[in-house]
Each structure stands twice: as structure tokens, then as C-alpha cells.
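>>> Quick one: sequence plus predicted model below, questions after.
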Amino acid sequence: MVTRPRDCSWVPHGFENITSQDFKCASDPENDYNCIAWAAGKTDTFWWPRPLAPYHWPHGLPRHPLQVAETIPNFIAAFKTEGYRPCRSGRFSFRYEKIALYVADNGRPKHAARLLPTGVWSSKLGPDEDIEHRTLKCIEGKKYGKVRVYLKRKWPEDQTPKLLIFRSFLSKLFGRAHGKFSPIPKENPTAS
Amino acid sequence: MNYADAIDTIPNEMFDFLFDYSEPRSPVVLPQENYAIALIPAKEVSFHRPTVTFIGDARTAVEFQQRASEWKKDKLGVSSLSDMFMHPAYQRIMALGKVALPFILRDLQQSGDHWFHALRYIVGEDVAEGTNTVADARAAWLEWGYKNGHI
């Protein structure tokens, strides 16, 4: 693994609808996984339909040709292998974790973001940094297109928002607001 | 040109520079000579030499550096492999062919970037076939590069 220092200063220049107040830099850049893998909860493989090692795509789904592989149905099918199914909105839910799929005007999927238990969206920006952003709109635009599909699945038992909020409450109660039990960001979202 | 062939063509006065076992550096184009030189860590290659020197054509080095910087800047935040690989600068590097291999492999070693498509295109086979992670594919290509004298 090759690591690089975290630097999200490029983000406001890379997306026309985002300001430094809209997001928080959440990780170092890493080439080993991308937004689709991150949305599916994986951090060890790079998910994209391509017939080339080491890129991962769920078994049985098309990796080529482009007109078949890079389509909304193929990406939905990939997320279905992880238990997701399409839903109506990206509104926060205590019962379901959600994904938003960004699609370009030509119908090709470009990006996916994941809704965190804290109610903010998390995006792995290609092979670069993860950011937490307040809205889905702030990274819509030329690079990723618009959100066209939402998907949902039930939260794993040990990661439900209610449980995390309860843990956070306990942490604060015992004066450990920023301790290991707290899933809530310490500060307002800012670029680092 | 691999390491063994290239080393024979180097004028004597350049040897001091070439065998300076200092920290890794960016490719250097020597004045009046048509060589591009870089020293890279070689811990995985040899117990005896702290660095490996590779030599490529100076114009290729400059071309590679310019195109790779352009590509890296434009692909920030891009997840789509099609968008990454169809970028004009990436395509231009692929078109350089085998002379670009030392530079691509060196960048792969240092940055771990997504050069797998270019490598497969230039080499004509997927050396990393069967790997599932970027780290494993990188290791497979670097091992192939060492064995075949490209780095």
C-alpha cells in the first residue's frame, strides 16, 4: 500500500457546487479502493466493471462491453449482491443504511455516496480522500453528474444509528465526548 | 533499453553521478547528453545496492513527466476507470510504447497509481492476472519489471 498525505484543498476546485464549509476531509487518499467499494462497505478492493486485474466486480455480472457494463442496471445488480435494493429517497432512516448513485447525462454511473449513521453523507473521491458532506447536491455537477438512484438495506445489528447515538450519549455523559465510542464529528465540517 | 545494456553506453565521467547512493530523486536530464537518470529505492531488489539506476531516453522522460502530471491532476476524484484510462494524457503515454515502461513502473512503485491498463496494453499480457487487490497487482508488475530489466 502506498500512502500519501491527506490534502483536500483540491476538492473545492474539483466540484463546482461545493465550498470548504460543506465537507470534512475524513481520510488519507488511498488507491486500493474507490467510491463504489466504499459505498458497498469494502476497503480492500477497487470496484469497477472492467476485465482487468486487479479490479473487482461481483461474479456473474458483465464487465464489458462498456455499453452493458457501465449502466445503471449493472451497478444496481452489483449493490444487490451486498443486500441493497432500490428505494425512493436518500432521506435518513433509523432502519436502513442508504447509498446514492450518481450518473452522468449519458447514463453512465460515475460515483456512489453512503449515508452514515450520523446523518451525513460519506464519499470516497475516486482513489483519493474520503470526505463527509452535508448534502448530495454539493458534489453533483460535471464530474459525477446527478443522483439518479437510491438504494437501501437494513443496518447491521451492531451499527444501527440508535445504538450509535446511545453510545455517543453515554460517552458525553461520562465526559468522553470525543472518545472511542463517539461517532459524531468533533467539529463543524471544514476542509483540512 | 534495459539496465545492463544501458550501463555499457554511459560515458565514464557520468559514473560518479550515476552511482551516487543518495536519496531517491526525480528524473534528471543531464546537459548535453541524451540520458534521463533517476535513483530509486531498491530494498526489494538487492541487499548490496541501496538504489537502482535506470536510464531512459531524455525526451521520453520529459514527455512522461508532463503527461503523467496532467493525468494525475485531471483524475482527482475520478472513480470511473474508463474516464481514467481514456484521458488523452494517459492515451499518449500508452502510445509511447515500451520506452515508457521504466517510467510507468517507477511511478507505479512510488505512487501506486492505476497504470495497469497501460502496462497490459504495452506488454501485451496481463501480468497481474488473478490478483484481487491493487497492492498485489502492483507487486506482480514490479516483480515482472525487475525480472525483465525494466527497472
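That came in fine, so what should we check first? Residues are numbered from 1 along each chain as shown, chains lettered A, B, ... in the order given.
>>> Okay, strands next: where are they in chain B?
In chain B, the strands defined using DSSP state E lie at B:28-29, B:36-41, B:51-56.
>>> Which residues outside stretch B:84-99 are in contact with it?
For stretch B:84-99, contacts defined as C-beta atoms under 8 Å, 6 or more residues apart in numbering or on different chains pick out B:56-57, B:60, B:63-64, B:67-68, B:70-71, B:74-75, B:78, B:100, B:104, B:114, B:117-118, B:121-122. The way it works is simple: take the backbone N, C-alpha and C, and place the C-beta from them, glycine included.
>>> try 6 Å
B:57, B:60, B:67, B:70-71, B:75, B:78, B:100, B:114, B:117-118, B:121-122 (C-beta atoms under 6 Å, 6 or more residues apart in numbering or on different chains).
>>> With stretch A:108-120 instead?
By C-beta under 6 Å, 6+ apart, stretch A:108-120 touches A:35-36, A:39, A:70, A:75, A:92, A:98-104, A:121-123, A:132, A:144-145, A:161, A:164, A:183-184, B:79-80.
>>> Show me those that map onto helices.
Using DSSP state H, A:35-36, A:39, A:75, A:161, A:164 are the members of the contacts of stretch A:108-120 that sit in helices.
>>> So which of the residues you listed reach chain B?
Counting by C-beta under 6 Å from any C-beta of the partner chain, residue A:35 from the ones in helices among the contacts of stretch A:108-120 sit close to chain B.
>>> Looking at the ones in helices among the contacts of stretch A:108-120, state which has the most neighbours.
The residue in the ones in helices among the contacts of stretch A:108-120 with the most neighbours, by other C-beta atoms under 10 Å in any protein chain shown, is residue A:35 (32 neighbours).
>>> Am I right that that residue is in contact with residue B:79?
Yes - Residue A:35 is within contact range of residue B:79, at 4.6 Å (criterion: C-beta atoms under 6 Å).
>>> distance of residue A:84 from residue A:152?
When distance is defined by C-beta to C-beta, to the nearest Å, residue A:84 is 6 Å away from residue A:152.
>>> Hmm, I typed the wrong one, I wanted residue B:105.
Taken as C-beta to C-beta, the span from residue B:105 to residue A:152 is 43 Å.
>>> what does residue A:20 give?
The gap separating residue A:20 from residue A:152 is 30 Å, by C-beta to C-beta.
>>> quick one, which of those two is more surrounded?
With neighbours defined as other C-beta under 10 Å, residue A:20 and residue A:152 compare such that residue A:152 has more, 21 against 15.
>>> Please identify the helix or strand for that one.
Using DSSP states H and E, residue A:152 sits within strand A:146-154.
>>> What's the local residue count around residue 108?
With no chain named, the answer covers chain A. Look at residue A:108: counted by other C-beta under 10 Å, it has 18 neighbours.
>>> hm, I was asking about chain B
22.
>>> Only whichever of the contacts of stretch A:108-120 are buried, select them in PyMOL.
Applying 16 or more other C-beta atoms under 10 Å in any protein chain shown to the contacts of stretch A:108-120 leaves a buried subset, and the PyMOL line that selects it is:
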select buried, (chain A and resi 35+36+39+70+75+92+98+99+100+101+102+103+104+121+122+123+132+144+145+161+164+184) or (chain B and resi 79+80)
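>>> Buried ones in stretch A:40-49, by neighbour count?
For stretch A:40-49, the neighbour count (16+ other C-beta under 10 Å) marks A:40, A:42, A:45-49 as buried.
>>> just those now: which is nearest chain B?
Of all those, residue A:48 has the smallest distance to chain B: 4.6 Å, by C-beta to the nearest C-beta.
>>> what's around the residue nearest to that closest one when sequence neighbours are not counted, how many residues?
Closest residue in space to residue A:48, ignoring its immediate chain neighbours: residue B:81 at 4.6 Å, by C-beta to C-beta, 6 or more residues apart in numbering or on different chains. Neighbourhood size, residue B:81 [other C-beta under 10 Å]: 21.
>>> wait, doesn't residue B:81 sit right on residue A:52?
No - with contact defined as C-beta under 6 Å, residue B:81 does not reach residue A:52; the gap is 7.9 Å.
>>> now the helices: where do they sit in the chain?
I went with chain A, as the question did not name one. A:11-14, A:35-39, A:66-69, A:72-80, A:161-173.
>>> wrong one, I was asking about chain B
Using DSSP H, the helices found in chain B span residues B:3-8, B:15-18, B:58-74, B:81-85, B:88-96, B:101-111, B:116-123, B:134-147.
>>> about what we covered before: next, format the contacts of stretch B:84-99 as JSON lines and append distance to chain A.
Output for these, formatted as JSON lines (distance: C-beta to the nearest C-beta, whole Å):
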{"residue": "B:57", "distance to chain A": "26"}
{"residue": "B:60", "distance to chain A": "23"}
{"residue": "B:67", "distance to chain A": "18"}
{"residue": "B:70", "distance to chain A": "15"}
{"residue": "B:71", "distance to chain A": "12"}
{"residue": "B:75", "distance to chain A": "7"}
{"residue": "B:78", "distance to chain A": "5"}
{"residue": "B:100", "distance to chain A": "18"}
{"residue": "B:114", "distance to chain A": "7"}
{"residue": "B:117", "distance to chain A": "6"}
{"residue": "B:118", "distance to chain A": "11"}
{"residue": "B:121", "distance to chain A": "10"}
{"residue": "B:122", "distance to chain A": "13"}
